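Visitor: Let me see the structure of the following:
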Amino acid sequence: MRVLGVDPGLTRCGIGAVEGRPGSPLSLVAVGVVRTPAGDDIGARLVAVEAGIEQWLDELKPDAVAVERVFAQHNVRTVMGTAQASAVAIVCAARRGLPVALHTPSEVKAAITGNGNADKKQIGAMVTRLLRLDAMPKPADAADALALAICHVWRGGVQSRLAEAVARARPPAPGLPGAVTAGSGRTVARRPREGGSDR
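Guide: Have a look, this model is predicted:
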């Protein structure tokens with residue numbers, strides 16, 4: 001399983017991919033950061049983040065994408081930028097039909113270090129050890145992205161298999177006339193446009 005981890009941010013969006021499976025050694029595929037100038041307009045910055053993520057997806061062709069779940073912070077401006085970059089990453093993956101998982105920072109920390117309150121240095125040290133790297137990935141955003149990917153390989157694989165088993169056991173939902181299935185699997189009603197056109 002190849003997983004692309006995204007540590008969302010506007011100034012620095014960490015991206016890292018690992019390959020492996022639960023219970024086996026993992027290997028580094030690639031790691032880096034998508035950067036945008038702080039002085040640029042928000043629209044231009046989000047477009048740059050999207051272009052960067054799309055390039056990584058094109059080159060690495062992951063099986064899944066793991067994105068850090070945005071959590072409340074005291075700095076509203078920071079959390080807004082993080083949420084916007086996170087949404088861009090989710091859209092980029094969803095556009096390709098890739099499964100997307102959201103993992104909280106504490107979930108990732110617990111998976112990687114065994115401590116949900118670990119600091120960035122501890123995370124970086126464990127990522128370096130788990131992937132058998134010569135040096136700790138820098139900046140910290142890059143190491144955090146790898147930690148997300150590792151967390152998903154270890155936890156996401158099990159969760160995906162459980163979800164697939166539940167989906168196979170569940171009887172199919174009856175279809176509704178004039179309805180379409182949304183990307184999430186939900187069935188939503190579709191109203192024909194005026195004049196009889198359904199486009």
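
Visitor: And the helices in the protein?
Guide: In the chain, the segments counted as helices under DSSP state H are 42-60, 76-95, 105-113, 120-130, 140-151, 157-169.

Visitor: Who are the packing partners of the fifth one?
Guide: Applying 3 or more Cβ pairs under 8 Å, 6 or more residues apart in numbering; DSSP states H and E, one finds that helix 140-151 contacts strand 2-7, strand 12-19, strand 27-35, strand 64-68, helix 105-113, helix 120-130. Where C-beta positions appear, they are placed from N, C-alpha and C, glycine not excepted.

Visitor: try the second one
Guide: If contacts are counted by 3+ Cβ pairs under 8 Å, 6+ apart, helix 76-95 sits against strand 2-7, helix 42-60, strand 64-68, strand 100-103.

Visitor: Let me know the angle separating that helix from strand 27-35.
Guide: 130 degrees (axes from the mean of the first three to the mean of the last three Cα atoms, to 10 degrees).

Visitor: For Val6, list each beta-bridge partner.
Guide: Beta-bridge pairing for Val6 (DSSP bridges): Ile15, Val67.

Visitor: for it, what are its contacts?
Guide: Val6 makes contact with 13-15, 53, 65-68, 86, 89, 145, 148, according to Cβ atoms under 8 Å, 6 or more residues apart in numbering.

Visitor: same deal with Leu131?
Guide: 18, 26-28, 146, 150.

Visitor: before we move on, what about Leu133?
Guide: Leu133 is in contact with 28, 127, counting by Cβ under 8 Å, 6+ apart.

Visitor: Neighbours of the closest residue to Ser86 other than its chain neighbours, how many?
Guide: Counting by Cβ to Cβ, 6 or more residues apart in numbering, the nearest residue to Ser86 once its immediate chain neighbours are dropped is Pro8, at 4.0 Å. Neighbour count for Pro8, taken as other Cβ atoms under 10 Å: 29.

Visitor: before we move on, back to that, most neighbours among the contacts of Val6, which one?
Guide: Going by other Cβ under 10 Å, Leu148 tops these with 34 neighbours.

Visitor: before we move on, the earlier item: in contact with the residue nearest to Ser86, which residues are there?
Guide: Neighbours of Pro8 in contact, by Cβ under 8 Å, 6+ apart: 67-68, 70, 82-83, 85-86, 88-89.

Visitor: closest to Gly124 among the residues you listed?
Guide: Glu68 (15.3 Å; Cβ to Cβ).

Visitor: how about that closest one, what does it touch?
Guide: So Glu68 contacts 6-8, 82, 86, 102-105, 108, 144, 148 (Cβ under 8 Å, 6+ apart).

Visitor: Make TSV from the residues you listed and add pLDDT and distance to Lys138 to it.
Guide: Below are the contacts of Glu68 laid out as TSV (pLDDT from 0 to 100; distance: Cβ to Cβ, whole Å):
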residue	pLDDT	distance to Lys138
Val6	98	17
Asp7	96	13
Pro8	96	18
Thr82	91	20
Ser86	96	22
Leu102	95	25
His103	95	22
Thr104	93	23
Pro105	92	19
Val108	94	18
Asp144	96	11
Leu148	97	16
